[in-house]
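Student: no FASTA, just this:
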């Protein structure tokens, strides 16, 4: 490319864009690590976006009605960090740029939303950002319908690369956005035709423009280094009644010796080549230096939204007090004060009536009293609404003609659903939950991990949680899935034993602010076990004593069970007690919350001395802490559960075949004594 012609044609734009390129080169060289090429190639697009279109105030990065900017191509993180430093974000002084990829810096290798206010999304796993953006755009639509366009009226902008569009989740995302006509979603595709292995054509021949058009998007093709074309495209996109994809033809590592090569994707650290690139740009400032006039021009961009932000605050202050309070409460992630009382009343009713229900049905009953008072919940299902029991009558369906609807039919898109729900949570003001079968956490897994990493309280409702689903067989029967979810840091995995525990699990999940939850729920009916009402939320403790050794018998056995196996543990207790063997039954609906209790409480629930049997219709992995640790002993512990895949048969026969019965539990206990 003729860089001199670009510089001469648009000198002010060129100097601002070159500041991004120079800071990127310097930071990656200092770290001897990173990805230089994408920020260098997309600097022109980013400069026009921030300079002319993005609604933001650098001094108030959490302004609720700001436009959202998502860097789906998270490896190009220096694009975002350079922009935030240049516009004057107080959390990104020059030292942060110099400390790129170093311990304790906000400028991590890939953007992490919890490290800085202006980082909207944790990206890096390709495709996640563009999938998150669907949730952002849906959240904006729902809130605009709820509060009016004087309070909520903003765009979601995404920069995505070739890799983002290759990932399968991108198809789920773009088809959802097209179906719902999310017109305030604008994706800028960095069309540089380069992957790590070489040209995109090594592995792909997709016509991305036609692909987006087929999904119901507006598309615009431009020269990604021509500021006039970039500006015109963004202006047109903002006027469209459909989501828009702008195909920005760019040169990766523009102006560097590695331009338009796979090497340009990675860390460009050769000193001579770095200086040659800067010379080609006409950049004479030293390392990590930005000329005062250029920095001032960028800081003026950072202040461009101040007046608009102040006008918004005036409008917000005029909104009725109740609406303001609801808006602020939901944005802060706080539950309404009456949630606790509502859950308590529901528990009391269920204890008195003692219904036999599948916990998926218990969940629906709990949601029927929760959703009317928690107006920020948005539910959904990946084409399993009737099976997941996630829809309550008050929600209304989110659609083109009903933006206030709070239920989303996601279609068979577990991954896209989960990523979009994360986007809703990251947007703020929404409490998303969505359902599928527990076995299909496999499809949702990347997004579930990122929810935990991002510290957001997305709720994953996973029904049909064991061999108890019966005839659908081992393809649908989860065995290892509880262990997989429990192995994920910062994740609550709830496996409630009855309707009472299910309601309590929902209360914990919907009051969490920085931890996602997995609700593992049954297909088969379970008896109500807690028929004596307690105001206390016992699930909040993670584990508790459900029944203890009868008076006059020495406690010799502790049975620890979860979910659908707790009532079997109680039946086994009756068998053993009839033989004079004292038995304690511990319900453990959430291992993570129990582990978080102090040692005194854990010792009270799991004292030493007695033999222990763990019971769960899943694999043993993750159980040994409670069986062998915490005052337990090897040789004095057993596990009744699964060590293979299931089979296709009625549920009752399956539990018998795999030995997960009251008799099997009692036998395991006797064998240890």
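Tutor: Here it is on my side, so go on. These numbers were taken from a predicted model, which means no experiment stands behind them.
Student: how near is residue 380 to residue 142?
Tutor: In this view, residue 380 and residue 142 are 12 Å apart by C-beta to C-beta, to the nearest Å. C-beta here means a position set from N, CA and C on the backbone, and glycine is covered the same way.
Student: more crowded one of the two?
Tutor: residue 380 (28 against 24; other C-beta atoms under 10 Å).
Student: check contacts around that one.
Tutor: The contact partners of residue 380, by C-beta atoms under 8 Å, 6 or more residues apart in numbering, come to 390, 407, 408, 409, 410, 417, 421, 432, 433, 434, 435.
Student: how many other residues sit next to the fourth one?
Tutor: Residue 409: 17 surrounding residues under other C-beta under 10 Å.
Student: surely it touches residue 384?
Tutor: No: with contact defined as C-beta atoms under 8 Å, residue 409 does not count as touching residue 384 (10.3 Å).
Student: any idea which element residue 327 lies in?
Tutor: Assigned by DSSP states H and E, residue 327 falls within helix 321-332.
Student: pull out the buried positions in stretch 563-581.
Tutor: Using 16 or more other C-beta atoms under 10 Å as the test for burial, stretch 563-581 gives 563-570, 572-573, 575-577, 581.
Student: between these, which is closest to residue 454?
Tutor: Of all the buried residues of stretch 563-581, the one with the least separation from residue 454 (C-beta to C-beta) is residue 563, at 27.3 Å.
Student: not counting sequence-adjacent ones, nearest residue to the closest one?
Tutor: Nearest residue to residue 563, sequence neighbours excluded (C-beta to C-beta, 6 or more residues apart in numbering): residue 495, at 3.8 Å.
Student: how far out from the middle of the chain is the host helix or strand of residue 566?
Tutor: Per DSSP H and E: residue 566 is located in helix 566-577. Helix 566-577 has its C-alpha centroid displaced from the chain centroid by 39 Å (C-alpha atoms, centre = their mean, to the nearest Å).
Student: which SSE is immediately downstream of it?
Tutor: Following helix 566-577 in sequence, per DSSP H and E, is strand 582-587.
Student: the residue of the chain positioned farthest from its centre: what secondary structure?
Tutor: Most distant residue from the mean C-alpha position of the chain: residue 552, 50.8 Å away (C-alpha atoms, centre = their mean). Following DSSP: H, G, I helix; E, B strand; the rest coil, we place residue 552 in the coil state.
Student: what pLDDT does it get?
Tutor: We have a pLDDT of 91 for residue 552.
Student: so what's residue 420 up against?
Tutor: By C-beta under 8 Å, 6+ apart, the contact set of residue 420 is 131, 132, 134, 135, 138, 173, 176, 408, 410.
Student: surely the last one touches residue 383?
Tutor: This points to residue 410. Yes: judged on C-beta under 8 Å, residue 410 makes contact with residue 383 at a distance of 7.0 Å.
Student: compare these two and say which is more crowded by neighbours.
Tutor: Neighbours were counted for residue 410 and for residue 383 using other C-beta under 10 Å; residue 410 has more, 22 against 16.
Student: now the more buried one, nearest residue through space, not along the chain?
Tutor: Using C-beta to C-beta, 6+ apart and skipping the chain neighbours, the partner closest in space to residue 410 is residue 417 (3.9 Å).
Student: could you list which residues are in contact with that neighbour?
Tutor: By C-beta under 8 Å, 6+ apart, the contact list for residue 417 reads 172, 380, 382, 408, 410, 434, 436, 444.
Student: could you do residue 76 as well?
Tutor: Taking C-beta under 8 Å, 6+ apart, we find residue 76 in contact with 35, 37, 38, 39, 42, 159, 161.
Student: try 6 Å
Tutor: 35, 38, 39 (C-beta atoms under 6 Å, 6 or more residues apart in numbering).
Student: what's the neighbour count on the last one?
Tutor: For residue 39, the tally of surrounding residues (other C-beta under 10 Å) stands at 32.
Student: ok, it to residue 393 distance?
Tutor: In terms of C-beta to C-beta, residue 39 sits 49 Å off from residue 393.
Student: next: the second one.
Tutor: When C-beta to C-beta is the yardstick, residue 38 and residue 393 sit 47 Å from each other.
Student: what does stretch 658-671 rub up against?
Tutor: 557, 568, 571, 572, 575, 576, 613, 615, 617, 638, 640, 655.
Student: shouldn't residue 66 be in contact with residue 58?
Tutor: No: assessed by C-beta atoms under 6 Å, residue 66 is found out of contact with residue 58, at 10.3 Å.
Student: more neighbours: the two, which one.
Tutor: Using other C-beta under 10 Å as the criterion, residue 66 and residue 58 rank with residue 58 on top: 24 against 21.
Student: please name the nearest non-neighbouring residue to that one.
Tutor: Leaving out its chain neighbours, residue 58 is closest to residue 302 (C-beta to C-beta, 6+ apart), at 3.2 Å.
Student: quick one: average pLDDT of the host helix or strand of the one you found?
Tutor: Take DSSP H and E as the rule and residue 302 turns out to sit in helix 292-303. The pLDDT scores in helix 292-303 average 98.
Student: again, but for stretch 267-284
Tutor: Mean predicted lDDT for stretch 267-284 stands at 98.
Student: tell me the gap between that stretch and the middle of its chain.
Tutor: Distance of stretch 267-284 from its chain centroid, counting by C-alpha atoms, centre = their mean, is 39 Å.
Student: flag every buried residue along that stretch.
Tutor: 267, 268, 269, 273, 274, 277, 278, 280, 281, 283.
Student: and stretch 105-119, by the same measure?
Tutor: Within stretch 105-119, the residues scored as buried using 16+ other C-beta under 10 Å are 105-113, 115-116, 118-119.
Student: ends of it, how far apart?
Tutor: Its start and end residues considered, stretch 105-119 measures 13 Å (C-alpha to C-alpha, to the nearest Å).
Student: next one: stretch 158-173
Tutor: End residues of stretch 158-173 are separated by 13 Å (C-alpha to C-alpha).
Student: buried sites along it?
Tutor: For stretch 158-173, the neighbour count (16+ other C-beta under 10 Å) marks 158-167, 169-173 as buried.
Student: contact partners of the helix or strand bottoming out on mean pLDDT in the chain?
Tutor: Sorting the helices and strands of the chain by mean pLDDT, DSSP states H and E puts helix 3-9 at the bottom, at a mean of 95. Here helix 3-9 makes contact (C-beta under 6 Å, 6+ apart) with 14, 255, 280, 282.
Student: buried residues, it. List them.
Tutor: Residues of helix 3-9 classed as buried by neighbour count (16+ other C-beta under 10 Å): 3, 6, 7.
Student: stretch 601-609 now?
Tutor: Those would be 602, 605, 606, for stretch 601-609 by 16+ other C-beta under 10 Å.
Student: now residue 650: closest residue in space, sequence neighbours ignored.
Tutor: Nearest residue to residue 650, sequence neighbours excluded (C-beta to C-beta, 6+ apart): residue 470, at 5.4 Å.
Student: how about that neighbour, phi and psi?
Tutor: phi 80, psi -120 (degrees, to the nearest 10).
Student: give me the distance between it and residue 499.
Tutor: Distance from residue 470 to residue 499, counting by C-beta to C-beta: 21 Å.
Student: pick out whichever of those two has more residues nearby.
Tutor: Set residue 470 next to residue 499 and count neighbours by other C-beta under 10 Å: residue 499 wins out with 30 against 22.
Student: dump the residue contacts of the closest residue to residue 266 other than its chain neighbours.
Tutor: Leaving out its chain neighbours, the residue that sits closest to residue 266 by C-beta to C-beta, 6+ apart is residue 35, at 5.9 Å. The contact partners of residue 35, taken as C-beta under 6 Å, 6+ apart, are 75, 76, 266.
Student: the first one belongs to a helix, doesn't it?
Tutor: By that I understand residue 75. Yes: assessed by three-state DSSP, residue 75 belongs to a helix.
Student: ok, it - how many residues close by?
Tutor: 23.
Student: contacting residues around it?
Tutor: Contact partners of residue 75, counting by C-beta under 6 Å, 6+ apart, are residue 35.
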